[in-house]
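**Student:** Okay, sequence plus prediction incoming.
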Amino acid sequence: MININKVNLEFNNNNLDLNSVLDNTREISLTSPWCNTVPVNNPFELSERYQDICEKHYDNNKWILMINPESDSLEQLSNMGKINPAKILKVNANKVNVSLEHIKNTLLKGTCSAMILSGASYNQEELNEIAHCAAMGKTHCILLQPISVGQTQQLH
């Protein structure tokens, strides 16, 4: 397991050179190549977003991880042949512990081409950590946010 809060030791021929893995002073934009927040207005738009994400991030060797997906939209897209459900891993946060640490560790592993978080709520510091882990693991992270404020939920 990688702890991003520790320093990374790199061996140099005669001595140890310490390089910080995480620069706490740097703000990571949520429109970075690795982490994006995408507003969703309605179920039709949600289906379109799922289809776009699945098409863009399809990789034979990696999963697309969806946390708290809207199952009806996914099933409809699958039945229409617009997405391949064989490479989609769905996780329901009500049944499985989906903490911020689990999300960061999954992003760091790089075994998924993309992670989709539906309706999750994080503060700026947590979003910066998520974006950093996504970049380190080369895993795209997409946070789908419903426009109406009352529908978001905390995953941890």
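**Tutor:** That came in fine, so what should we check first?
**Student:** going forward, measure contacts and count neighbours with C-alpha atoms only.
**Tutor:** OK.
**Student:** And the next helix or strand past the lowest-mean-pLDDT helix or strand in the chain?
**Tutor:** Every helix and strand in the chain was compared by mean pLDDT, DSSP states H and E; the lowest is strand 16-20, with a mean of 34. Remark: after strand 16-20, the chain's next helix or strand is strand 35-40, criterion DSSP states H and E.
**Student:** Just the mean pLDDT for that next one, thanks.
**Tutor:** Average pLDDT, strand 35-40: 91.
**Student:** before we move on, what about stretch 125-134?
**Tutor:** Stretch 125-134 comes out at a mean pLDDT of 94.
**Student:** repeat for stretch 59-67
**Tutor:** What stretch 59-67 shows for mean pLDDT is 89.
**Student:** Kindly check the end-to-end length of that stretch for me.
**Tutor:** 18 Å (C-alpha to C-alpha, to the nearest Å).
**Student:** ok, and for it, which residues are buried?
**Tutor:** For stretch 59-67, a neighbour-count test (16 or more other C-alpha atoms under 10 Å) marks 62, 63, 64, 65, 66, 67 as buried.
**Student:** quick one: which of these is nearest to residue 50?
**Tutor:** Nearest to residue 50 among the buried residues of stretch 59-67 is residue 66, at 9.5 Å by C-alpha to C-alpha.
**Student:** Can you verify my assumption that the closest one contacts residue 119?
**Tutor:** No - assessed by C-alpha atoms under 8 Å, residue 66 is found out of contact with residue 119, at 11.3 Å.
**Student:** Can you name every helix or strand that the strand or helix carrying residue 135 contacts?
**Tutor:** Per DSSP H and E: residue 135 is located in helix 124-137. For helix 124-137, the elements it packs on are strand 35-40, helix 100-109, strand 140-146, judged by 3 or more C-alpha pairs under 8 Å, 6 or more residues apart in numbering; DSSP states H and E.
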